[in-house]
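Asks: next come a sequence and a model predicted from it.
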Amino acid sequence: MQRRKWIISSFLLLLLLLQLFPSIRQVEAIVTSFGYAFMFHADKELTFETIEYAPAFGDYIVSYSYNEGNERFSLSLPGDFPFIVNFDSYYGG
């Protein structure tokens, strides 16, 4: 049990330390958006378009296209801790 707590604590500490590097946060935002898109938009054939950091909002904006590129939607993830989707433009919020 003590070993398990140590492993979990080490993993969480590593996650927090990785937040110091913007390039790592961008990769985390992409991975989170892929997981979110897979869970909530599995019926569409999605194509990853772009990711950009919007300093005015402090968020990463991840864009996808579907329906042969004719329709698009974006996901917004917080820049400081990009493991949560704040906004999905497909659902309007």
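Replies: Received the coordinates, thanks.
Asks: please make it C-alpha for all contacts and neighbour counts, starting now.
Replies: OK.
Asks: for the closest residue to residue 58 other than its chain neighbours, which residues are in contact?
Replies: Distances taken as Cα to Cα, 6 or more residues apart in numbering put residue 79 closest to residue 58, at 5.3 Å, once the chain neighbours are dropped. Neighbour list for residue 79: 25, 53, 58-60 [criterion: Cα atoms under 8 Å, 6 or more residues apart in numbering].
Asks: how long is stretch 43-56 from one end to the other?
Replies: 32 Å (Cα to Cα, to the nearest Å).
Asks: which of the contacts of residue 79 fall within strands?
Replies: Judged by DSSP state E, the contacts of residue 79 include 53, 59-60 as members of strands.
Asks: format the residues you listed as JSON lines; extra columns: distance to residue 86.
Replies: Formatted as JSON lines, these follow (distance: Cα to Cα, whole Å):
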{"residue": "53", "distance to residue 86": "14"}
{"residue": "59", "distance to residue 86": "9"}
{"residue": "60", "distance to residue 86": "10"}
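Asks: neighbours of residue 53, how many?
Replies: 17 (other Cα atoms under 10 Å).
Asks: thought it was touching residue 63?
Replies: No: the pair residue 53 and residue 63 does not pass the contact test of Cα atoms under 8 Å, sitting 11.6 Å apart.
Asks: give the contact list for residue 74.
Replies: Residue 74 neighbours (Cα under 8 Å, 6+ apart): 61-64, 87-90.
Asks: how about 6 Å then?
Replies: The contact partners of residue 74, by Cα atoms under 6 Å, 6 or more residues apart in numbering, come to 62-63, 89.
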